[in-house]
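Asker: This is a predicted model, with the sequence first.
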Amino acid sequence: MARGKNETRTEYQSWLLGEILLAGLLGASLALFLNYPVLRTSYDLPELRLVLQTTMALAGGLVAVLAGARYSTEGRRVDLLLATGFFVTSLSSAVFAIGPRFSGHEVRPAESWAALIGAILGMTLIAAAPFTRGRSKYRDWSIANAVAAAAITLFVAWSLLRALGAALPGLNPPGEQQPFYLTGALALQAFVTLVAVVGWGVRFVRRGDDLARWLALGFTLMLFAALHLVFQPLLASSLVSQGDFLRMLAFILFLVGAWRAIQFAEFGRAVAEERARVAREIHDGLAQYLFAVSTHAAMLEAGAPIEETVPRIKEAAVLAQQEARFAILALSSASGTAPFDAALRRYVDVLTADGALEVDLEVDRTIRLAPDEQIEIFRIVQEGLANVRKHSNATRSEVTIGQRPFGERFVTITDDGDGFDGDEADAGQGLKNMRARAASIEGGFSLRSTPGRGTALEVVLRT
């Protein structure tokens, strides 16, 4: 545990040092920018500005999709607000700033203000996200509802702005005195971005959230880009400035963080599913054998004959031990078939200990089986041999787990028992269970049986 704390502390210190260096560098450049107006360079490159805006809108949309994917996996409200915020920012930019330019029209004051309002609204949602806690109970339509509400808000705001017509002041072009209302709006955007930097930084320190680290770094760049706009607004022009490149770098960091986060989320979901499956396996196997031990012990206490009850207790205890060992196998992620082979042979030894059934088990040691395949194949063989022993009156059974020349992996179970009419194949619950287990690992299941000539079943594994 101490080692984990030291590693976390080192990681936090590295991030904090990076934040300090980045903020210092950007702060120094901003100070030079303010003290020496000659450094406030901008370039009249409308095509490049349009490309940068489009790229950032697409990147923001992709971050929204990735955050939404993590929300669908984990259901946390922080991801709901994060996905909605990025989507609103990208949507407002695409509709009000990029769309008119692609259609060959100039961006009118109403669209310019709507784009700025959308950016502030989206940033507000993103800044509020790290301060939220808990998980949403109704996650199916949460993102769609949130996005729809934000889109309606933007549409209403744009409609009201359009209704003002000529009375709506435009965003001041470069070279003129900046109006106070524009300074106030851009200062508000910078303040909200500062809140986002603090919020995501605090979240990383308290929870070690990897995504929060990347978002804090990205919004640090966005903060100084917003401060550049306060002193050099270029929202409604075709000019490209230093702030545009800072925002572009910020979106690259956002993408990196979101991609890492969704990878971790998928891994966490896989682990959770694996644990749930192992829990079901323990319930279906180990719990039943322990119940059998308890039942026979109670019968012994009630006066049942010792010579009949004790062997049953011993047999159930041995099978429970086997189940426990296989549960450990299920929890491990080791590759190869050696543990699986040993567990299966141990089960066969226990099953055939009384000599009533002879089982010939052959496992190709070169075959590669995934952990989920090992578990389900074990259960299929277990169920198949149980059916042979209970219902077929067979004296011999053969189990083969191998691989054909063209790489097709298969499992076969045959016996020399009574067999049955093929029309009855769906009648037994055991056969239904085996089919379901084969389907769970994307395997094909087939069964052939003839009265008086035994039964053969085969599972062909996924390629």
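Answerer: Now that the structure is in, tell me what you want to look at. Being a predicted model, the structure only gives us computed values, none of them experimental.

Asker: I'd guess residue 304 is in a helix, am I close?
Answerer: No. With DSSP: H, G, I helix; E, B strand; the rest coil as the criterion, residue 304 is located in coil rather than a helix.

Asker: What residues does it make contact with?
Answerer: Residue 304 makes contact with residue 296, according to CB atoms under 8 Å, 6 or more residues apart in numbering. Where you see a C-beta, it was placed from the backbone N, CA and C, and this is true even at glycine.

Asker: pLDDT score assigned to it?
Answerer: The model reports residue 304 with a pLDDT of 80.

Asker: separation between it and residue 311?
Answerer: As judged by CB to CB, to the nearest Å, residue 304 and residue 311 stand 12 Å apart.

Asker: the strands in the stretch 251-400 of the chain, which residues?
Answerer: Ranges of strands within the stretch 251-400 of the chain are 358-363, 396-403, based on DSSP state E, counting those that start in this stretch.

Asker: Let's test this: mean pLDDT of the longest one, rounded?
Answerer: Averaging pLDDT along strand 396-403 gives 94.

Asker: which parts of it are buried?
Answerer: 397, 399, 401 (16 or more other CB atoms under 10 Å).

Asker: From these, pick the one nearest residue 168.
Answerer: residue 401 (75.1 Å; CB to CB).

Asker: got a list of what that closest one touches?
Answerer: 362-364, 367, 377, 410-411 are the contacts of residue 401 under CB under 8 Å, 6+ apart.

Asker: Could you do residue 193 as well?
Answerer: Shown in contact with residue 193 (CB under 8 Å, 6+ apart): 123, 127, 219, 222-223, 226.

Asker: Leaving out sequence neighbours, find the closest residue to it.
Answerer: residue 223 (4.6 Å; CB to CB, 6 or more residues apart in numbering).

Asker: where does the one you found sit relative to residue 160, distance-wise?
Answerer: For residue 223, the distance to residue 160 - CB to CB - is 29 Å.

Asker: again with residue 430
Answerer: 68 Å.

Asker: domain ranges for the protein?
Answerer: Following automatic domain parsing, the chain resolves into domains at 2-272, 285-331, 335-463.

Asker: Just give me the lowest mean pLDDT stretch among those.
Answerer: Mean pLDDT values for the domains of the chain show the minimum at domain 285-331, a mean of 71.

Asker: circling back: confirm the residue nearest to residue 193 sits in a helix?
Answerer: Yes. Per three-state DSSP, residue 223 lies within a helix segment.

Asker: My read is that it contacts residue 191, right?
Answerer: No. In this structure residue 223 lies outside contact range of residue 191 using CB atoms under 8 Å: 9.4 Å.

Asker: Pick out whichever of those two has more residues nearby.
Answerer: residue 223 (24 against 15; other CB atoms under 10 Å).

Asker: Would you mind measuring from that one to residue 189?
Answerer: For residue 223, the distance to residue 189 - CB to CB - is 10 Å.

Asker: just residue 125 next, same as before
Answerer: From residue 125 to residue 189 the distance is 13 Å (CB to CB).

Asker: again with residue 435
Answerer: When residue 435 is compared with residue 189 (using CB to CB), they lie 59 Å apart.

Asker: just residue 407 next, same as before
Answerer: 59 Å.

Asker: Pick out whichever of those two has more residues nearby.
Answerer: A count of neighbours by other CB under 10 Å puts residue 189 above the other of residue 407 and residue 189, at 23 against 7.

Asker: Tell me who's in contact with that one.
Answerer: Going by CB under 8 Å, 6+ apart, the list of residues near residue 189 reads 116, 119-120, 123, 226, 229.

Asker: if you set the cut-off to 6 Å instead, what comes out?
Answerer: Going by CB atoms under 6 Å, 6 or more residues apart in numbering, residue 189 touches 120, 226.

Asker: Over to stretch 354-368 now: how far is its first residue from its last?
Answerer: End-to-end distance of stretch 354-368 (CA to CA, to the nearest Å): 32 Å.

Asker: Can I get stretch 245-254 in CSV? Just the C-alpha atoms.
Answerer: Provided in CSV are the C-alpha atoms of stretch 245-254 (Å, rounded to 0.1, in the frame of the first residue of the first chain):
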residue,chain,number,x,y,z
PHE,A,245,-3.0,27.4,-32.1
LEU,A,246,-3.3,27.2,-28.3
ARG,A,247,-6.8,25.9,-28.6
MET,A,248,-5.7,23.4,-31.2
LEU,A,249,-3.1,22.0,-28.9
ALA,A,250,-5.7,21.9,-26.1
PHE,A,251,-8.1,19.8,-28.2
ILE,A,252,-5.2,17.4,-29.0
LEU,A,253,-4.8,16.9,-25.2
PHE,A,254,-8.5,16.4,-24.8
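
Asker: List the contacts of that stretch.
Answerer: With CB under 6 Å, 6+ apart as the test, stretch 245-254 has contacts from 52, 56, 59, 63, 214, 217-218, 221-222, 224-225.

Asker: Could you check that stretch and say which residues are buried?
Answerer: In stretch 245-254, counting by 16+ other CB under 10 Å, buried: 246-248, 250-254.

Asker: try stretch 78-88
Answerer: Those would be 78-88, for stretch 78-88 by 16+ other CB under 10 Å.

Asker: my guess is residue 93 meets residue 56, correct?
Answerer: No. Contact criterion CB atoms under 6 Å: residue 93 and residue 56 do not qualify, at 7.1 Å.

Asker: Identify the contacts common to the two.
Answerer: With the criterion set as CB under 6 Å, 6+ apart, the contacts of residue 93 and residue 56 do not overlap.

Asker: Name the residues of the strand or helix carrying residue 63 that are buried.
Answerer: Here residue 63, judged by DSSP states H and E, is contained in helix 46-74. Buried residues in helix 46-74, defined by neighbour count with 16+ other CB under 10 Å: 49-50, 52-54, 56-57, 59-64, 66-74.
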